[in-house]
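Engineer: My questions are about this predicted structure, shown below with the sequence.
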Amino acid sequence: MERLPEFEKRELVRQACLQAFADDFIQELPHRYDTKVGEGGALLSGGQKQRVAIARSIISDPQILLLDEATSALDPEAESKVQASLDNVSKKRTTILIAHKLATVQKADKIVVLNQGQVIEQGTHDQLLDQGGAYHELVNAQTLDTGSERFPIPLTTAASATSVVEKPSSREIVESGRSVVEQDDGEEDNKITDEHQDISRKLSLVKVVCTIFRQQRSAWPLFFFGIVSSTIGGGMFAGQAILFGYSIPTLQIPPSDYLVSRGNFWALMYFVFSLGILVCYLGVGFFWTMASSHASRFYRREYLDAMLHQDVAFFDVRGHGAAEMTSRLSLHPEAIRNMVNTTMALIIIIFVDVISTSVLAIAVAWKFGLVVVAAGMPTLFCAGYFRLRFEMANHDRLKDMYLECARFASEAVSSIRTVSSLTLENKVLDSFQSRLDECSRRELRSKMVTMLIHAFAESANLAVTSLAFWYGGKLLSQGEYALRDFFIAFMAVLVGSQTAGILFGFSSDVSKAHAAANHIFALRESRPPINTSTGRKIAMRGFEKAPVIEFRDVNFAYASRPNYNVLKGLKLSIQKGQSIGIVGASGCGKSTIIALLERFYDVTSGQLLVGGTPLSELDVHHHRSNIGLVSQDTMLFQGTIRENVLLGLHDDKEDEATANERIERACRSANMHDFILSLPEGYSTDIGNRGVALSGGQRQRLAIARALIREPDLLLFDEATSALDTANEALVQQAIESVARERPERTTIAVAHRLSTIKRCDCIFVLHDGQVDEQGTHAELVGRRGRYYAMVLAQTLDG
């Protein structure tokens, strides 16, 4: 396929997309098939991503098609479109579907029911229903009540069954996307990124060094002794020139015992001098290594602290993704450590050396010293200075290119299953190699200029030596100076010129550290719009009459696309103690409501009130401590079950007995305690990286326990059961309903695609296009035969 002409490739892509029912929305995109989809396809809705993935899987016309939970995380409308796509592409090929949602496999020629790794039932949908076994129970668990009888869909309802849950157009979805990593027209994002870069470049190198010293107060003794050691080390080059000058005349003594005696004396002097240099440089190495280690630890912590205290919008900006920021967290403090450890020490040594040797040469032989120093030093320093400026100017461009390589590699590794299943290893490697080649080409051009400057500096160094011999010989022939004075001045100038050339050999380290320090300083000094350290502290349980949560004409747009409102004049009121369900199509603003309630973002206009007080006036830390959040992508950390549950406890000063009691109570409420006790190590069981030792349902229940241990006034569930099988969904659903009952004053809000998750809520809000379209209980909404009813029908199995 790689050798096909471009027009044939495009036709194959289009035919695959037509079969996957993806061509219709692709034609609505700004650049159609050439539209950038963003990192991880973030600019497409869930259903659109799945249909593109289906098209990708069938473009090579495979004989066997494997579909693993292809509709698990989709809303009813997107699920119906993807299901139609699956039915279409499954024709004339062997297809194996794995699914939690039985609607996905309902039309399969054979359905195999597994339990504990064994086949317990198999047959068609109707045959398995007639058997009344495990499959029948799964169907009943996923069947929603649509009323006292099965109503046929009226013509108007049938016609609108698609339209009532229709998402915004594809163009709108792309325009509202939060990730614009690869979007061509991402001017707003570029502006945000450029502003951050401008801030990070405002400090000069001298100011950067002074800032590092100022911020390392606890390491000042180390810096002091390091500077003293380096100063002594730099001055020893002048001492070496003096020693050399005084020892040279010894070689003019005729062979005798006196020559041997003087030779032994100067040999001893050199040995003593070497011991002094040994002690001095041991001090240089020790003090600067300790100081650099302290600086590295300090800035790693400060950089991570600055990242953690940015608001969520910061990470929506291009260049602030996980791969880029973690790469900087590793590289930037290391660049500062290298500068403080080796570069700073050698710069001080070389500066002291150049100054002391120049002064010595002029003091001992002023004519010789003035001519050679005046002719050589400015040339060497100018060459080094221009090299440093050039490398600093090119460092940012090369840094961004290599960060893009890191982002690409991170995306490939994180999607390794997709890469492997599509046998894309060589293609990914070739693409990565092309990126590296482009980086190398640009780096080569900059290095060529740098090497030209370096070559000029090295040749200038030898030219200075040539001048010193010529002019020194002339002065000696005229009897201006004694041989001893000439050699002292000559060695001083020679050593000084050589070390002056070495000085700017560290320009690469200096430019990296300069850029790294500026970036760290800028991030530390930046103040996110959402200030986490100010505001009033209130508890949600203190409001009996006023709505505990109220959205008043709220409009909201993500910073990446400020011209597209996700929420459009949203009006929504929630009373204390209510259990609330929020449903709607992808892109209608459900998860945005959760993000606003957590105050990850501030509303664009309108008001979000908590207990009658604007959320923007409340203390963010205190507000979030009153909230428990359980999301679809549960993030658990390496460690034990106990440690992960304790992460939800904002007061870590409790004694162990009290903490253990609260952990057990939270796990009981989350329907997790009995399972934990069945484990060999109980609450001390290590769950592995991201909780890989647990099943999906167990991870979700552990996340619920983590949310409950803080005894929140508000519980938020964002698609908490969307990726679970029926059995685990039932367990998690029981846990959700249990925690809603145990504290009547607690307010619970659940966002869901699966309507079974929210059908028992006190009130269900149906969102459409950023507004509340319907609200009421499950029975009330079904009785209205509107948008919610169409969603119920879309999720109801026949039988």
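Structural biologist: Right, received. Where do you want to start?

Engineer: in stretch 569-588, what counts as buried?
Structural biologist: Across stretch 569-588, burial judged by 16 or more other C-beta atoms under 10 Å covers 570, 572-588. C-beta here means a position set from N, CA and C on the backbone, and glycine is covered the same way.

Engineer: Check stretch 306-316 too.
Structural biologist: Across stretch 306-316, burial judged by 16+ other C-beta under 10 Å covers 306-307, 309-311, 313-316.

Engineer: Just the closest of these to residue 493, please.
Structural biologist: Residue 493 lies nearest to residue 306 out of the buried residues of stretch 306-316, by C-beta to C-beta, at 47.6 Å.

Engineer: picking up where we left off before, can you tell me which of the buried residues of stretch 306-316 are in helices?
Structural biologist: Within the buried residues of stretch 306-316, residues falling in helices by DSSP state H are 306-307.

Engineer: Looking at the buried residues of stretch 306-316, which are in strands?
Structural biologist: Among those, no member is found in strands (DSSP state E).

Engineer: re earlier: out of the buried residues of stretch 569-588, which sit inside strands?
Structural biologist: Counting by DSSP E, the part of the buried residues of stretch 569-588 found in strands is 570, 572-574, 579-584.

Engineer: can I get those in JSON lines with pLDDT?
Structural biologist: Listed next are those as JSON lines, based on pLDDT from 0 to 100:
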{"residue": "570", "pLDDT": "92"}
{"residue": "572", "pLDDT": "91"}
{"residue": "573", "pLDDT": "92"}
{"residue": "574", "pLDDT": "91"}
{"residue": "579", "pLDDT": "89"}
{"residue": "580", "pLDDT": "92"}
{"residue": "581", "pLDDT": "92"}
{"residue": "582", "pLDDT": "93"}
{"residue": "583", "pLDDT": "91"}
{"residue": "584", "pLDDT": "86"}
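
Engineer: Pull the most distant pair out of those.
Structural biologist: Farthest-apart pair in these is 570 and 579; separation 19.7 Å (C-beta to C-beta).

Engineer: circling back: which one among the buried residues of stretch 306-316 gets closest to residue 11?
Structural biologist: When those are compared against residue 11 (criterion: C-beta to C-beta), the nearest one is residue 316, at 36.4 Å.

Engineer: For residue 560, see how far away the closest one is.
Structural biologist: Going from residue 316 to residue 560 by C-beta to C-beta, to the nearest Å gives 5 Å.

Engineer: mind listing the helices for the stretch 551-700 of the chain?
Structural biologist: For the stretch 551-700 of the chain, the helices defined by DSSP state H, counting those that start in this stretch cover 590-597, 620-625, 641-646, 656-669, 673-678, 696-708.

Engineer: give me the number of residues near the nearest residue to residue 662 once chain neighbours are set aside?
Structural biologist: With C-beta to C-beta, 6 or more residues apart in numbering as the criterion, residue 662 has its nearest non-adjacent residue at 5.4 Å, and that residue is residue 709. Neighbourhood size, residue 709 [other C-beta atoms under 10 Å]: 24.

Engineer: Ok, residue 284 next?
Structural biologist: By other C-beta under 10 Å, the residues close to residue 284 number 25.

Engineer: got it, and residue 71?
Structural biologist: For residue 71, the neighbour count with other C-beta under 10 Å is 26.

Engineer: My read is that residue 791 contacts residue 756, right?
Structural biologist: No. Assessed by C-beta atoms under 8 Å, residue 791 is found out of contact with residue 756, at 11.6 Å.

Engineer: Tell me the confidence at the residue lying farthest from the centre of the chain?
Structural biologist: Within the chain, residue 256 marks the point farthest from the mean C-alpha position, 76.1 Å out by C-alpha atoms, centre = their mean. On the pLDDT scale, residue 256 is placed at 80.

Engineer: again with residue 542
Structural biologist: Value for residue 542, per-residue pLDDT: 50.

Engineer: Repeat that for the one 4 residues further on.
Structural biologist: We have a pLDDT of 56 for residue 546.

Engineer: got it, and residue 346?
Structural biologist: Confidence score, pLDDT, at residue 346: 84.

Engineer: wait, what's in contact with the closest residue to residue 592 other than its chain neighbours?
Structural biologist: For residue 592, ignoring the flanking residues on the chain, the nearest one in space by C-beta to C-beta, 6+ apart is residue 566 at 5.0 Å. Going by C-beta atoms under 8 Å, 6 or more residues apart in numbering, residue 566 touches 176, 556-558, 587, 589, 592, 770.

Engineer: quick one: secondary structure of residue 320?
Structural biologist: At residue 320 the chain is in coil, as set by DSSP: H, G, I helix; E, B strand; the rest coil.

Engineer: And for it, the neighbour number?
Structural biologist: Neighbours of residue 320 under the rule other C-beta under 10 Å: 19.

Engineer: Equivalent analysis for residue 441, please.
Structural biologist: When neighbours are counted by other C-beta under 10 Å, residue 441 registers 9.

Engineer: any idea how far residue 519 is from it?
Structural biologist: 25 Å.

Engineer: likewise residue 795?
Structural biologist: Per C-beta to C-beta, residue 795 is found 49 Å from residue 519.

Engineer: Ok, residue 304 next?
Structural biologist: From residue 304 across to residue 519, the span is 13 Å (C-beta to C-beta).

Engineer: Between those two, which has more neighbouring residues?
Structural biologist: Taking neighbours as other C-beta under 10 Å, residue 304 and residue 519 compare with residue 519 leading, 22 against 14.

Engineer: Show me what counts as buried in the strand or helix carrying that one.
Structural biologist: Assigned by DSSP states H and E, residue 519 falls within helix 507-525. Buried residues in helix 507-525, counted by 16+ other C-beta under 10 Å: 507-523.

Engineer: all strands of the protein, in order?
Structural biologist: With strands called from DSSP E, the chain shows them at 64-68, 94-98, 111-115, 118-123, 549-556, 567-574, 579-584, 605-610, 613-614, 627-631, 714-718, 747-751, 763-768, 771-776.

Engineer: what angle do the second one and strand 111-115 make?
Structural biologist: Think strand 94-98. With axes from the mean of the first three to the mean of the last three C-alpha atoms, to 10 degrees as the basis, strand 94-98 and strand 111-115 are set at 40 degrees to each other.

Engineer: any idea what sits nearest residue 87, other than its immediate chain neighbours?
Structural biologist: Spatial nearest neighbour of residue 87, excluding adjacent residues (C-beta to C-beta, 6+ apart): residue 107 at 6.4 Å.
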